[in-house]
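>>> for reference, the sequence and a predicted model appear below.
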Amino acid sequence: MSTLEVVCAIFAIGMLSGLRVMSPIAVVCWFALLHRLPLGAGWVSYLGSKVAVVLFSLGAVGELVSDKLPKTPSRLKQPGFGARIVMGGLCGLMLATAASFSLIGGALLGAIGAVAGTYLGFFVRTRTTAKFGLPDLPVALVEDVICIGGSFIAASLFSSH
């Protein structure tokens, strides 16, 4: 992959973390566990463990359910906004490790992408439901598909197989 492709893919996984905080990290951890994402032997390799996959996968399922509840706070409020930034940075770090890219650069790109994705996702979802008079649920489900599918695409770009 070229440097530009790595930068774009890391920024994209960050943006996807802005849509759903747990789904991108769960997908990336699954890729690492299945040896499709080379993380080497450093501390980041623990994110490819069964424990990490179970924890992040359970978190992702819980988030997918809780996002649809009427009392769920806005993604722009804390602690959700901060969590999106942290997880975007962590996803960026993992993909940077797999690409032998700058770890600091990867974490920053992922975190910045998460900020962009958080705001973009919020405005697209609220504007879509308001402008077209749609209920929130179908728009949220489309957002889920975009996030999970996009995470698979982004992680597969770094796949070692």
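Done, it's in. Numbers count the residues shown, from 1 in each chain.
>>> quick one: Gly105 and Ala96 touch, right?
Yes - contact criterion Cβ atoms under 8 Å: Gly105 and Ala96 qualify, at 6.5 Å. Backbone N, C-alpha and C define where each C-beta goes, glycine included.
>>> distance between the strand or helix carrying Ala155 and the chain's centre?
With elements taken from DSSP states H and E, the one containing Ala155 is helix 136-156. Between the centre of helix 136-156 and the centre of its chain there are 10 Å (Cα atoms, centre = their mean, to the nearest Å).
>>> what does stretch 12-25 give?
The answer for stretch 12-25 is 2 Å, by Cα atoms, centre = their mean.
>>> what's the end-to-end length of it?
13 Å (Cα to Cα, to the nearest Å).
>>> do you know how far the residue of the chain positioned farthest from its centre is from Ser74?
No residue in the chain sits farther from the centre than Gly133, which is 28.1 Å out by Cα atoms, centre = their mean. Plainly put, Gly133 is 20 Å away from Ser74 if you go by Cβ to Cβ, to the nearest Å.
>>> cool, Ile146 as well?
Distance from Ile146 to Ser74, counting by Cβ to Cβ: 19 Å.
>>> ok, those two, which is more surrounded?
Ile146 (15 against 10; other Cβ atoms under 10 Å).
>>> so what's the spatially closest residue to the more buried one that is not a sequence neighbour up against?
The spatially closest residue to Ile146, leaving aside those adjacent along the chain, is Leu19, at 6.8 Å (Cβ to Cβ, 6 or more residues apart in numbering). By Cβ atoms under 8 Å, 6 or more residues apart in numbering, Leu19 lies in contact with 117-118, 121, 143, 146-147.
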